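Undergrad: Next comes the sequence, and after it the predicted model I'd like to discuss.
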Amino acid sequence: MNLLLDWKSMGSLFATLMFFRTAVRDFLPPEVNQVLRRFFSDKCFSSAQHFKLSRLQNSKNVTYAMVPNQSLEDIFNGIKFNWSFHVSEKQSNTDKGRYFQLSFLSKYKEIVHSSYLPHIADAAEIIKFKNRGKRLYTNRSMEASWSQVAYFSHPSTFDTIAMDPILKQEIKDDLMKFVNKREFYNRVGRSWKRGYLLYGPPGTGKTSLIAAIANFLEFDIYDLELTSVRSNSQLRKLLIATTSKSVIIVEDIDCSLDLSNRKKKGKKTSPGSSSSGSSVSLSGVLNFVDGLWSSCGGERLIIFTTNHKEKLDAALLRPGRMDKHINLSYCDVESFKILVKNYLKIEEHEIMKEVEEMLGLVKMTPADVAEFFMEGGVGFCGGFI
Ligand SMILES: Nc1ncnc2c1ncn2[C@@H]1O[C@H](COP(=O)(O)OP(=O)(O)OP(=O)(O)O)[C@@H](O)[C@H]1O
């Protein structure tokens, strides 16, 4: 194909390339590169001049992959798109260092955004998942179990969480200690993971605290729907599919699984056989928590939440599995002050003494107070606001 380009069109082509190089990298996070590589595997054979052939041991399937600096052409609705694969020198050994660049004429910019990229995402069986405010994609086969949230950005931080300031600091210190202990975990031969159990009545901030933790660590969040996991082996696959810095959540663990009977260990269950509707056994969960399969490395924080800690099997609660038990409870005056500061921008108020007495008499969750402030708080405690 001969292209005649004057300086002006060169400039615009270059601008297009630069635009899209950035756009693709922002739009599609590093995890997607892996999936894109799979997507391009078929196309490689028909259109790339050089490609890498590989076959996993004991696998019949051969895969074709693009080699760095190779490009291939894709045609969508009669429009030509050129994809090339690059490895940046600085980060050549990480997934972040590998990226695809898409080039196209700038007049197709709108089509690329509105239809071509969604088409690529679909074809590669990519779906969107919960992430710390960005888009995270993973394979569709995981759909049943990783809770799907198109675009998740939870604003909760340790500053906005209403809880005992000493406990809050303790959690932050524990998290920092955990992320700084890679060498220690390697030395003692343990997988680099930590388990938290958040327990307390509904509306005391368990979900908000999880978001605050993920935001604090800047980790990805994976919300595991145990009830839709078909088997222990699927659970294993799910764990392996998580990114290296992730918070894995199982909310309301007492409702997701029949965790009371350890005798189920090793026993095969058929789908839907347990009272909770999950096919995962307690031993499956214990193995999951023990991280037997976390040979993929990286830091994993596993958080279980429950409103009924007493219902959980002691095996699940022991240190090494749930290392830290965090009790979130009703509003005390310290928590109340944080909510007042967040919602009303009031630091101190003479009425606090009265509030303290009132909170000693009435059990209010932070969610009750927050909801009240959202509605305007008229008449609260003799006209607080
Ligand atoms: N400790 C808290 N600090 C700040 N806001 C809170 C707190 N607890 C609850 N809230 C407010 O109440 C709402 C509900 O709280 P959240 O979902 O975190 O509670 P939960 O304990 O996870 O409840 P559930 O057990 O019903 O899932 C939050 O969106 C937040 O606005």
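TA: Happy to help now that I have it. Residues are numbered from 1 along each chain as shown.
Undergrad: check contacts around the closest residue to the ligand within the chain.
TA: Residue nearest to the ligand within the chain (CB to the nearest ligand atom): Gly205, separated by 2.6 Å. The C-beta positions use only the backbone N, C-alpha and C, and glycine is treated the same way. Counting by CB atoms under 8 Å, 6 or more residues apart in numbering, Gly205 makes contact with Ile161, Ala162, Met163, Leu328, Pro366, Ala367.
Undergrad: Would you confirm that Thr207 belongs to a helix?
TA: Yes: judged by DSSP: H, G, I helix; E, B strand; the rest coil, Thr207 forms part of a helix.
Undergrad: Surely it touches Thr305?
TA: Yes: counting by CB atoms under 8 Å, Thr207 touches Thr305, with 7.4 Å between them.
Undergrad: tell me, what's touching the two both at once?
TA: Residues within reach of Thr207 and of Thr305 at once, by CB under 8 Å, 6+ apart, are Glu251.
Undergrad: Show me which of those two is the more surrounded one.
TA: Neighbours were counted for Thr207 and for Thr305 using other CB atoms under 10 Å; Thr305 has more, 21 against 17.
Undergrad: Kindly state the beta-bridge partners for the more buried one.
TA: Note on Thr305: beta-bridge partners Leu198, judged by DSSP bridges.
Undergrad: just checking, it touches Ile210?
TA: Yes: using CB under 8 Å, Thr305 is in contact with Ile210, at 7.4 Å.
Undergrad: got the residues of the stretch 201-350 of the chain near the ligand?
TA: Counting by CB under 6 Å from any ligand atom, the residues of the stretch 201-350 of the chain close to the ligand are Pro202, Gly203, Thr204, Gly205, Lys206, Thr207, Ser208, Asn307.
Undergrad: could you pull out the strands for the stretch 151-300 of the chain?
TA: In the stretch 151-300 of the chain, the strands defined using DSSP state E, counting those that start in this stretch lie at 193-199, 220-223, 245-250, 299-306.
Undergrad: so can I have JSON lines of these showing mean pLDDT?
TA: Formatted as JSON lines, these follow (pLDDT from 0 to 100):
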{"stretch": "strand 193-199", "mean pLDDT": "92"}
{"stretch": "strand 220-223", "mean pLDDT": "78"}
{"stretch": "strand 245-250", "mean pLDDT": "84"}
{"stretch": "strand 299-306", "mean pLDDT": "89"}
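Undergrad: Ok, which of the ones you listed comes nearest Ser84?
TA: strand 220-223 (27.4 Å; CB to CB).
Undergrad: which of the residues in the closest one are buried?
TA: By 16 or more other CB atoms under 10 Å, the buried positions in strand 220-223 come out as Asp220, Ile221, Tyr222, Asp223.
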